[in-house]
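In: Sequence plus predicted model, see below.
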Amino acid sequence: MLKTSLAALALGAALVTAGAAGAADKPKFVYLTQTGIDNSFWQSIKRGMDDACAQFEADCQLIFTTPNGDLQKHLQNLETVVEQGVDGIVTVVVNDDLYDETVKKAVDKGIPVITANVDDSQGAAGNARNAFVGQDLFEAGYVLMKGLHAKIPAGQPIHALLGLSRPGESWAEARIGGAKKFLEEAKAAEPNREITYEVIDSSNDISVTASRICQYVQGKPETNAYVDAGFWGAGAGECLRDLGIKPGQLHMATFDLVPVVLDEMKKGYVDITIDQQPYYQGYLPILQLAMMKKFGLSAFDVNTGKAVVEPKDLEQVEKFMSMGVR
Amino acid sequence: MKLNVRNLMARPEMAALLIFVALFVVFSFINDRFFATGNMTVYLQPIPELAIVAMGITILIIAGEFDLSVGSVFGLSPMVTVLLMQNGWPTAAAILAGLMIAALIGFGNGLITLKLKIPSFIATLGMLFMARSFAVVLAGGFPPIFPRELDVSWLVGRLDLGLVTPRVSLLYMIAIALVLGFVLRRMDFGHWIFATGGHPQAARDMGIKTERVKMACFMLCATLAGFAGIIQSFRVKVIVPNLGTGLEMQAIAAAVIGGVALTGGVGSILGAVVGTLLIAMIENILILSGVNANWFMFAVGAMIVVAVVLNTQTRLKAEGMKG
Amino acid sequence: MSTAANTAEEPIIKCVGLQKWYGAVHALKNVDFHAARGEVIGLVGDNGAGKSTLIKILSGVHTQDKGDIFIEGRNVSITGPEVAMGLGIETIYQYTAMVPEMSIAQNFFIGREPLKFGRPGLGIVDRAKMAREAMEGLRGVGLHLRGPDTPVKALSGGQRQGVAIARAMHFRSKVLILDEPTNHLSVKETNKVLDHVVELKGLGITSIFISHNLHHIHPISDRIVAMARGEKIADLPAGEISVDEMTRMIS
């Protein structure tokens, strides 16, 4: 019994390790994120990464983190990869200080590091990474709030609710920070208009976010604008309908193109969303790493996320979404 | 001789130890990057943190109780410590305060469980949320900045051993393991812990104050979790309110792989350490081998089942051997 | 009058007017009870008669609401099992009060470990002494088991009762309460336990023997105490009552 179990274990271990052995001569790139496998948005990034890896004949690995959002575990994975020595690393940077030492170590070892999806809030000054491929998060938050502002008739007071999906993580703080900046500017520009806002921990679990928004709106019915730091706010459509709130009473803005966002946009509850084009965030870093490895080219920053999507764009967007690239 | 083999096989951590050694050897042969200085160094880094939590859980489960709030305490203690340091407290005093908050949470767990007579599974599930909320409230939605110039070498400095360079925290873990192992095996209080979890009625009837024993274990478990959290935040030099989220399940998995019986009265400190080493090793090898971490949870789950099955088998076999 | 003469006259254990309520249930109604040194008392009664309440008070598991307990003439209050044991009252439970996963030696000294260093609760146990004395104690009751490190779960029910009796004797008990010690035991094991009780009598130890099986109790008892509905209904020498009469009395 003992012997058989141990033998089975060893066999399993051998199979696991053998899987990677065949790809020895291909360049090896690793893509790391702090989120768990349950994040559907990452499937588009993976699609982009897989396409690039096939095209440039690279051996790629996408490493999620369990438990979801455990920064220490993400750092641990990154360090393991740096120690292992690969040909290139793509990672998110969701804390300004946490990754500095390891990223520097990788770059010093000659492993190029491209940040994607989320960068240090200080940008290139924040750490030693070679380039960033992703959305200008602060700017995107600003654009969304500006878009909502335009939907509310001039002169009408504004009370905005800002959903900080993960307090303390730089991407969420930056997006909501952008929205706040627009509101402050609007206040200064229209001194006679009543413009107020409040920030809550809205969570990044779609059902939790939905109920928090609806509870807030019940308490403050004057709320007429909502900006989410992610796509989770779109889940509120369901309970808003239950509360008898009509489309247009509460203008909502979210990030990303996911089915629930598009669905609520059709129903009129989401007014605007911004696509950070995750396919690019999967594809372009691998493209850059492959070019660096092959021809010694350098990496470059790409802002993938200015694609504002409104109800009029729905038809075209859905066509591409069915292909798994948007 | 035969008697010794039997006693050895009857030890709760035996199965985990066998699997660990076997896999370690196999991995070293299969992947030349596994048993390499750099990889071993990285592998050992977070071990003390999880192992210290797993030890506390192990002792509490031996005493017949449970703690789901360790992950939250793991986040709360360093939050308190870093905030106090930011307000000018000396490091030692701030750490002490962080540990006392943890002990207080443990006391609360004990009080709710023992005085209100509800299962510790429920009491500490409630505490999981409450303690996490304290951490979020203290952070004020925006976490404090860790004082990066602070000298943390005494706790998490690098320890150059030639072959590997683990953190100093590994020494703390070993010291804690030795002390706790001594308490469990050589001190009367350790006997009382095993008796309390192994057969509460017998322990009470033989004059052991089982409630006091359990209370001490609740407080010990929480304090260890708080200390482990402080080690982690000092190592990564970051404090966020969600530090340690989900850690309770990993710690319980480590304890169970290490041979603790959820029914109480069986378990060992060495088992908790080996369980931790095993989980971290599986994760490490999966990343080195280029397997998507999607399979990580599967591997840990399979490991729990295999370890517990092996455990039962070896112990049954040990009982069947006549000395 | 000399103290020696005094103790000789005093019963080793004497209870006066014991009362106990469990909420609204009056479980023990003004019960007097006494036992002399070396006496074997058979305590009989149906379920809920109050005999188990009486012995729980004596062994420290519960405390009486009213009444006094005297040990060798001294008024005592038994607030916990450890107090009872300190006074020399040991209890053998039907379930043996053993922790199955722990060794014979550990079970022998549970809660009362001999220490090399420190004080109870913070002490280092003397494992050599535990092993030695446990084995001596077991030999004392004629038990020859594998070794002090054998887990108790490997022992039969009768062997466990043997360990429990040896444990009680080791701690120099004056009064031994045996609460249904023969349940679930084979005939052979039961006889062994009954033999132990007779041996204890020879050592001057008082036994209070509780059993449903009147055939077990009758032959070894000096005196029979019968209880019903929380009251003592009979207290007479065993020779003055037959098993059949006992059966009629308590049912």
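Out: The structure has been received and is ready for your questions.

In: okay, now the domains of chain A?
Out: Domain assignment of chain A by automatic domain parsing yields the ranges A:26-135+A:277-305, A:138-275.

In: which bits of the stretch 1-150 of chain B sit near chain A?
Out: B:18-19, B:22-23, B:26-27, B:30-31, B:33, B:36, B:38-39, B:41-43, B:45-46, B:136, B:139, B:141-143, B:145-146, B:148 (C-beta under 8 Å from any C-beta of the partner chain). Where you see a C-beta, it was placed from the backbone N, CA and C, and this is true even at glycine.

In: count of neighbours near the residue of the stretch 101-250 of chain A found nearest chain C?
Out: At 41.9 Å from chain C, residue A:205 is the closest residue in the stretch 101-250 of chain A, using C-beta to the nearest C-beta. Counted by other C-beta atoms under 10 Å in any protein chain shown, the residues lying close to residue A:205 total 15.

In: nearest residue to it other than its sequence neighbours?
Out: Nearest-residue entry for residue A:205: residue A:232, 7.0 Å, with adjacent residues in sequence omitted and distances by C-beta to C-beta, 6 or more residues apart in numbering or on different chains.

In: shouldn't the one you found be in contact with residue A:206?
Out: Yes: using C-beta atoms under 8 Å, residue A:232 makes contact with residue A:206 at a distance of 4.8 Å.

In: follow-up on the earlier one: I'd like the domains of chain A as TSV, with mean pLDDT appended.
Out: Below are these laid out as TSV (pLDDT from 0 to 100):
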stretch	mean pLDDT
domain A:26-135+A:277-305	90
domain A:138-275	90
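
In: just to revisit the earlier point, ok now do the residue nearest to residue A:205, which residues does it touch?
Out: Contact partners of residue A:232, counting by C-beta atoms under 8 Å, 6 or more residues apart in numbering or on different chains, are A:163, A:165, A:202-206, A:209-210, A:254.

In: ok, which residues in chain A are in contact with chain C?
Out: Counting by C-beta under 8 Å from any C-beta, chain A has no residue next to chain C.

In: what about the helices in chain A?
Out: A:2-21, A:41-55, A:71-84, A:100-108, A:137-151, A:170-189, A:206-219, A:237-242, A:259-266, A:278-295, A:314-321 (DSSP state H).

In: Dump the ones you listed to JSON lines, plus distance to residue B:123 and mean neighbour count.
Out: JSON lines is the format used below for the helices of chain A (distance: least, C-beta to C-beta, whole Å; neighbours: other C-beta atoms under 10 Å in any protein chain shown):
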{"stretch": "helix A:2-21", "distance to residue B:123": "37", "mean neighbour count": "14"}
{"stretch": "helix A:41-55", "distance to residue B:123": "36", "mean neighbour count": "19"}
{"stretch": "helix A:71-84", "distance to residue B:123": "27", "mean neighbour count": "23"}
{"stretch": "helix A:100-108", "distance to residue B:123": "39", "mean neighbour count": "18"}
{"stretch": "helix A:137-151", "distance to residue B:123": "41", "mean neighbour count": "21"}
{"stretch": "helix A:170-189", "distance to residue B:123": "32", "mean neighbour count": "20"}
{"stretch": "helix A:206-219", "distance to residue B:123": "24", "mean neighbour count": "18"}
{"stretch": "helix A:237-242", "distance to residue B:123": "32", "mean neighbour count": "18"}
{"stretch": "helix A:259-266", "distance to residue B:123": "37", "mean neighbour count": "19"}
{"stretch": "helix A:278-295", "distance to residue B:123": "42", "mean neighbour count": "23"}
{"stretch": "helix A:314-321", "distance to residue B:123": "47", "mean neighbour count": "13"}
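
In: who wins for proximity to residue C:142 among those?
Out: Residue C:142 lies closest, by C-beta to C-beta, to one member of the helices of chain A: helix A:2-21, at 39.4 Å.

In: Quick check: phi and psi on residue B:235?
Out: phi -70, psi -50 (degrees, to the nearest 10).

In: I figured it hits residue B:156, correct?
Out: Yes: contact status for residue B:235 versus residue B:156: in contact at 4.2 Å, counting by C-beta under 8 Å.

In: Compare the two (neighbour count), which wins?
Out: residue B:156 (24 against 21).

In: For the more buried one, give me its contacts.
Out: So residue B:156 contacts B:167-169, B:231, B:234-235 (C-beta under 8 Å, 6+ apart).

In: Helix or strand: which one has the residue in chain C that chain B sits nearest to?
Out: Residue of chain C nearest chain B, by C-beta to the nearest C-beta: residue C:82 (3.2 Å). Using DSSP states H and E, the element containing residue C:82 is helix C:81-86.

In: for residue B:100, same thing?
Out: Going by DSSP H and E, residue B:100 is in helix B:91-115.

In: Could I get the buried residue list for that helix?
Out: Along helix B:91-115, these residues count as buried under the neighbour rule (16 or more other C-beta atoms under 10 Å in any protein chain shown): B:91, B:94-95, B:97-99, B:101-103, B:105-106, B:108-110, B:112-114.

In: Count the neighbours of residue A:109 for me.
Out: 12.

In: that older thread, the contacts of residue A:232 in strands, which ones?
Out: Within the contacts of residue A:232, residues falling in strands by DSSP state E are A:163, A:254.

In: can you put the contacts of residue A:232 in TSV and add distance to residue A:102?
Out: Putting the contacts of residue A:232 into TSV (distance: C-beta to C-beta, whole Å) gives the following:
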residue	distance to residue A:102
A:163	31
A:165	25
A:202	30
A:203	29
A:204	25
A:205	29
A:206	32
A:209	32
A:210	36
A:254	32
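
In: Return the closest of the contacts of residue A:232 with respect to residue C:197.
Out: residue A:205 (66.3 Å).

In: quick one, phi/psi of that closest one?
Out: According to degrees, to the nearest 10, residue A:205 has phi -120, psi 120.

In: Please point out which parts of the helix holding residue C:82 sit buried.
Out: C:81-85.

In: ok, and does the helix or strand that it is followed by reach over to chain B?
Out: As assigned by DSSP H and E, the chain's next helix or strand after helix C:81-86 is strand C:89-92. Yes: using C-beta under 8 Å from any C-beta, strand C:89-92 reaches chain B at residue C:91.
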